[in-house]
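*Asks:* Sequence plus the predicted model coming up.
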Amino acid sequence: MASDKVETTAQTNKSGIPGIRGTDHIGINVPDLEEATRFFVDVLGAEVYYSIGPFKDEGTWMADNLDVHPRAEVPEIRTLRLKNGAHFELLSFIAPDQNKTMPKLSDYDGHHIAFYVDDMDAAVAYLKSKGIRVLGPVKDGVGPESGEGSTFVLFKSPWGAMFELVSFPNGRAYEKDYEPMWVSNQES
């Protein structure tokens, strides 16, 4: 799937934001903060670290700084962490011009968040035991890792957000030449 140009750029491009270290957090606007928190804590195993808010403004701060309706409000933001990796900020905007339709994966800004798992079968069985909708069977990986034991499957949150489980038991192909992103729990 990757073009030669992308691979060449990834190998030779050392520019970027000075001092950048990686992803700090992923903000997710959810329709129901309590439901989303239960999903992240009870299903995914995240821990709530803290909450802040409310946030609203009578001027133009929300429009100027967040590019949302000037009367948009955020009653609360909850910061959670799931093992190692980025934090999650769950928030529930209230805005007069809010689009409440969940984008499909194929829509602009349709997206998914992938979680690495050591045991794909156990992870999928666990999701199903929690009543989570898993989309199809576990599939073999694609791209450079295909045929190397890599697998993936997508699943949906109770409010319809798309998530994915991935596993690369033999590592990603590029990790033969670079430091691996994940170290198996069995090895640590």
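*Replies:* Right, received. Where do you want to start? Residues are numbered from 1 along each chain as shown.
*Asks:* Report pLDDT for the residue nearest the centre of the chain.
*Replies:* Residue closest to the average C-alpha location in the chain (C-alpha atoms, centre = their mean): residue 113, at 2.7 Å. pLDDT for residue 113: 96.
*Asks:* Contacts only, for it.
*Replies:* Contacts for residue 113 (C-beta atoms under 8 Å, 6 or more residues apart in numbering) come out as 26, 161-164. To be clear about C-beta, it is placed using only N, CA and C from the backbone, and glycine gets the same treatment.
*Asks:* tell me the contacts of residue 124?
*Replies:* Contacts of residue 124 by C-beta under 8 Å, 6+ apart are 134, 138, 153, 165.
*Asks:* And the second one, how far from residue 124?
*Replies:* Distance of residue 138 to residue 124, computed by C-beta to C-beta, to the nearest Å: 6 Å.
*Asks:* Quick check: neighbours shared by the two?
*Replies:* residue 153.
*Asks:* now, which of the contacts of residue 113 sits nearest residue 130?
*Replies:* Comparing the contacts of residue 113 against residue 130 with C-beta to C-beta picks out residue 163 as the nearest, at 12.6 Å.
*Asks:* In a helix, that closest one, correct?
*Replies:* No - using DSSP: H, G, I helix; E, B strand; the rest coil, the assignment for residue 163 is strand, not a helix.
*Asks:* Would you mind confirming that it makes contact with residue 154?
*Replies:* Yes - between residue 163 and residue 154 a contact is recorded at 6.9 Å, counting by C-beta atoms under 8 Å.
*Asks:* Identify the contacts common to these two.
*Replies:* For the pair residue 163 and residue 154, residues contacting each of them under the criterion C-beta under 8 Å, 6+ apart are residue 112.
*Asks:* Give me the nearest residue to residue 174, chain neighbours excluded.
*Replies:* Distance criterion C-beta to C-beta, 6 or more residues apart in numbering; nearest residue to residue 174, sequence neighbours excluded, is residue 144 at 7.2 Å.
*Asks:* Please determine how far that neighbour is located from residue 25.
*Replies:* When C-beta to C-beta is the yardstick, residue 144 and residue 25 sit 29 Å from each other.
*Asks:* list the buried ones in stretch 65-82?
*Replies:* By neighbour count with 16 or more other C-beta atoms under 10 Å, stretch 65-82 contains the buried residues 68, 70, 72-74, 77-80, 82.
*Asks:* oh sorry, the question was meant for stretch 148-160
*Replies:* Within stretch 148-160, the residues scored as buried using 16+ other C-beta under 10 Å are 150-158.
*Asks:* What of stretch 44-56?
*Replies:* Neighbour counts over stretch 44-56 (16+ other C-beta under 10 Å) mark 44, 46, 55 as buried.
*Asks:* ok, now stretch 31-39?
*Replies:* Buried-residue list, stretch 31-39, by 16+ other C-beta under 10 Å: 33, 36-37, 39.
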